[in-house]
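In: Provide a 3D model corresponding to the input given below.
(3 chains, ligands or ions: 2)
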Amino acid sequence: MYQYDQHDQAMVDARVAEFRGQVARRLSGELTEDQFKPLRLKNGLYLQLHAYMLRVAVPYGTLNSAQMRVLGDIADKYDRGYGHFTTRQNIQYNWIKLADAPDILADLAKVQLHAIQTSGNCIRNTTADHFAGAAADEVADPRPYAELLRQWSTFHPEFDYLPRKFKVAIIASETDRAAMRLHDIGIQIVKNEAGEIGCKFFAGGGMGRTPMIAPCIAEFVPALQMISFLEAALRVYNRHGRRDNKYKARIKILVHEIGVAEYSRQVQEEFAHILTLGLEPPPAELDRIKAMFADPGLETGLSDDLDRSDPDFALWVDQNVHAHKQPGYAIVTISLKPTGGIPGDATADQIRLMADLARDHSLDELRVSHAQNIVLPHVKKADLYRVWQALDAAGLATPNLDLITDIIACPGLDYCALANARSIPLAQKITERFADVGRQRELGELKLKISGCINACGHHHAGHIGILGVDRKGVENYQLLLGGAESADTSLGTITGPGFSEDGVVDAIEKVTDVYLARREGAERFLDTYRRIGMVPFKEAIYG
Amino acid sequence: MVETVLRYRTDEPVADPAVTVDAFAAQGNATAVRIEPGDDALALLPYLDRLALIEVNFPSFADGRGYSAARSLRERGYTGELRAVGDVLLDQLSHMRRCGFDSFAPDKPISAEAAEAAFATWPEVYQQTVDGRRPIWAARHGTKDA
Amino acid sequence: MSAKIKIITGNDLRTGDVIWWTGEGWSRHVDNAVAVDHDADAIIARENARQVVTDTHVIDAFAADGTVRPAHIKDRIRALGPTVRLDLSLKPADPQAGNWVI
Ligand code: HEM
Ligand code: SF4
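Out: Residues are numbered from 1 along each chain as shown, chains lettered A, B, ... in the order given. Ligands and ions are numbered 1, 2, ... in the order given. Modelled structure (predicted):
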């Protein structure tokens, strides 16, 4: 994993000092709320429905156990004993006091964490494949590139007041586990025919009220020109992105309005100019970062044997454990989606327990997945049973990964000032309705995603089943979407028709799954059946 | 002490008022121009020799186009005065300086002391821009002394 | 009989707590909110200037029998707390408190 040197540390320390000063100026009245708001937002501090909310960055979703432990401690010390892991691989605290915020940032800085650029119209925290460095299908570990990008984007002087927020995701395999093409810029690390590593760039993806899938804007940019290319892509956007209308300000609208060809042409022109300036970090810098990710300490020659005699354990292994690139190891996903629970929430004790398990059984590493779960990326198969027992005792062994109850849900109207409807109670009702694990497994892979408003923080456009909360004359109402996906075969969901009440939508989902069970052929997933038979049979079942 | 213009150059300030891009194109001998967020800064490239002052207007602090305009001009060889004017806030000064601005005329005056403190916000920088500061990667690898 | 009124809400600048204007100060309990009228802007301007509250604004509500019910569900949830964590709400002892917001 990446370790700060004195330079990185000096930068986050400077940020803490700067924010401490800004908070003091706000509390003394020197800064008005209008002036202070953009400053606090750049440090991830929102004013939400009940209090201040602090969003802490988890750069490319990777944490060590000391960092995870501090995330738990902050929940106890400054919040109300829990935190919320988000689709952006970050963690949010819901009950923060303004005066405490600088102290929290200072606590985070001690373990090389921060809340820099987790809000505001700047380059946000870069997300990455949560199996990076552990999955067998990668061309390379994408995280060294993500770290290079983190440093480059941190306090970038030119891109702090973009037309709108800017999110970058990076992956290194054909299996897209990071919804890469639904980001402002998506980078896929690829190898060309000569065996050289480079970046395939996608631009103009996003969700919100105008969801778009990012088209490719450059097939192959040498890895050692990644930063120069990003400078060019961002500069063209900063120059020409719309500023007249907040809802049309994302890069997706620019790419859509001027066309992929024209946007790419302008980027290439600027890229050619930027290459003459020599502002790319040297190969030695990438090598320095790579060395820190190269070997987490995996042992060789371990056995792949597993004692599956405990049926509950075997079920969990089948559902929540993935193959690791190294024999004798496995990737464990800890579900934060218990029946009736709040998707993505974890208590301080649970967070610390996961930290301990990572320290003892996962080479000190954890990941936050965009599906709001936690990953232990390097667990010896020989340790799996012990890990499972510890998780089970803490209510963290729900065997439902990628099943209908592994729901992504945004905070919704229970916490979010922008919401139209509540998301969490709906997620709870769905998990209760489908609580039977046998039934869930019968339905197979089924990604259900809920957003409390059109901003789509809960990725509803990309859910096999998506739910969007709307406000119908002051009453919560829910629209149902079918057919979205956010993997290698990214697609956007289609609205079924008129919306439903909270109970009505749960009934409708049940009808949708009945149609699937009746119509599926062979090993078809829900999504495959939907793509084959289309919306009509589902509509008839729901509204007929 | 509060100044209306914070200036970090040693040459004599330009006496002429800055004119709009349209007026500048029409006049033929003006030495100072003011660009607005929507103006194409690169259109000034043919005139860099005779330009001594380019003002970049920030009607709203949130409109960041001026940062790209400034840096683009510096990258392409402009060495005259580059002034940020308008809704220019204290907490933005250090980034502006990094993009090549060397004078500031904020609507709401900023003291020279406060400005100095703002410039000192970041002990180091991650990116190479046009301000001559040595990026962290260069310090790490001993390359590229600025 | 409930009367439609306007009330002022905001957040405590330091703690972020949701607060309601009581005519004399600020309370965390919406039932303590008082009706305001054309004086709202003046109250908001004065209170903002004291640098103890933030995001102050006027909302619609209904008053009846000493209780105040904000007109919009968002403000009712603000007045109560998260309905999925009633233990952290202002009515931790009432398991049915969530029904009030609907
Ligand atoms: C609670 C406070 C939050 C606020 C005020 C907020 C605000 C927004 C807004 C305004 C957008 C739309 C941006 C646009 O279309 O231009 C958006 C999109 C998004 N947000 Fe949030 N959000 C919040 C929480 C979250 C959480 C908790 C997550 C993760 C679970 C999240 C992840 C995202 C994602 C993935 C998108 C869509 C992707 C995109 O187009 O950017 N947000 N958010
Ligand atoms: S989707 Fe809407 S309701 Fe949900 S967190 Fe985002 S802004 Fe809030």
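
In: please report how far the residue of chain A found nearest chain B lies from A:K167.
Out: Closest to chain B within chain A is A:Y161: 2.8 Å, counting by CB to the nearest CB. Backbone N, C-alpha and C define where each C-beta goes, glycine included. Using CB to CB, to the nearest Å, we find A:Y161 at a distance of 16 Å from A:K167.

In: ok, C:G66 next?
Out: Distance from C:G66 to A:K167, by CB to CB: 48 Å.

In: who's more crowded, these two?
Out: Shown here are C:G66 and A:K167; by other CB atoms under 10 Å in any protein chain shown, A:K167 has more neighbours (19 against 7).

In: what is the neighbour count of residue 41?
Out: Since you didn't name a chain, this refers to chain A. There are 18 residues near A:L41, going by other CB under 10 Å.

In: please refer instead to chain C.
Out: 11.

In: pLDDT value on the most centrally placed residue in chain B, please?
Out: Taking CA atoms, centre = their mean, the centroid of chain B lies closest to B:F101, which sits 1.9 Å from it. Here the pLDDT value assigned to B:F101 is 98.

In: what residues does it make contact with?
Out: B:56, B:70, B:82-84 (CB atoms under 8 Å, 6 or more residues apart in numbering or on different chains).

In: ok, B:E124 - contacts?
Out: A:7, A:10-11, B:136, B:139 are the contacts of B:E124 under CB under 8 Å, 6+ apart.

In: repeat that with 7 Å
Out: For B:E124, the contact set (CB atoms under 7 Å, 6 or more residues apart in numbering or on different chains) comprises A:7, A:10-11, B:136.

In: next one: the residue of chain B found nearest chain A from ligand 2, what distance?
Out: Closest approach between chain B and chain A, counting by CB to the nearest CB: B:G64, at 2.8 Å. As defined by CB to the nearest ligand atom, to the nearest Å, B:G64 lies at a distance of 23 Å from ligand 2.

In: neighbours around that residue, how many?
Out: 26.

In: swap in A:I258?
Out: 15.

In: nearest spatial neighbour of it, skipping sequence neighbours?
Out: Among residues not flanking A:I258 along the chain, A:H240 sits closest, at 7.3 Å (CB to CB, 6 or more residues apart in numbering or on different chains).

In: the lengthiest helix in chain B: what's the following helix or strand?
Out: Longest helix in chain B, counting residues (DSSP state H): helix B:65-75. Once the chain leaves helix B:65-75, the next helix or strand it forms, by DSSP states H and E, is strand B:81-86.

In: tell me which strands and helices that following strand is in contact with?
Out: If you count contacts as 3 or more CB pairs under 7 Å, 6 or more residues apart in numbering or on different chains; DSSP states H and E, strand B:81-86 packs onto strand B:53-58, helix B:65-75, strand B:103-106.

In: mind putting those into TSV with mean neighbour count?
Out: As requested, these are exported to TSV (neighbours: other CB atoms under 10 Å in any protein chain shown):
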stretch	mean neighbour count
strand B:53-58	24
helix B:65-75	25
strand B:103-106	21
